[in-house]
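Chemist: take this sequence and fold it.
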Amino acid sequence: MTARIRGDEKLRGQFLALHPVGRFRRVEEVAAAVFYLCSPKAGFTTGVALPLGGGASA
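Modeler: The predicted structure is shown next:
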């Protein structure tokens with residue numbers, strides 16, 4: 001979804017300037033969230049959305 005933005009330096013700069021974290025999310029960060037949700041540690045986590053937006057929705 002971000003290939004166009006990542007490939008265009010001007011768009012990339014504009015996007016990252018507006019993003020609270022100032023960078024794109026990393027695959028490892030998404031994988032860590034999925035790993036948590038699939039683990040026993042998430043046993044009491046029910047009916048919740050886990051946004052991985054780097055503060056964009058805060």
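Chemist: just name the shakiest helix or strand of this protein by mean pLDDT.
Modeler: helix 3-7 (a mean of 86; mean pLDDT, DSSP states H and E).
Chemist: report the buried residues of that one.
Modeler: Within helix 3-7, the residues that count as buried by 16 or more other Cβ atoms under 10 Å are Ile5. The C-beta positions use only the backbone N, C-alpha and C, and glycine is treated the same way.
Chemist: what's it packed up against?
Modeler: helix 9-18 (3 or more Cβ pairs under 8 Å, 6 or more residues apart in numbering; DSSP states H and E).
Chemist: residues in contact with the helix it packs on?
Modeler: 2, 4-6, 22-24 (Cβ atoms under 8 Å, 6 or more residues apart in numbering).
Chemist: need the max-distance pair from those.
Modeler: Arg4 and Gly22 (19.1 Å; Cβ to Cβ).
Chemist: and the spatially most central residue of the chain, what does it touch?
Modeler: Closest residue to the average C-alpha location of the chain: Leu52 at 3.5 Å, with Cα atoms, centre = their mean. Residues in contact with Leu52, defined by Cβ under 8 Å, 6+ apart, are 25, 29-30, 33.
Chemist: any idea of the pLDDT on it?
Modeler: If you check Leu52, the pLDDT there is 86.
Chemist: now do it against Ala32, distance only.
Modeler: From Leu52 over to Ala32 the distance is 10 Å, taken as Cβ to Cβ, to the nearest Å.
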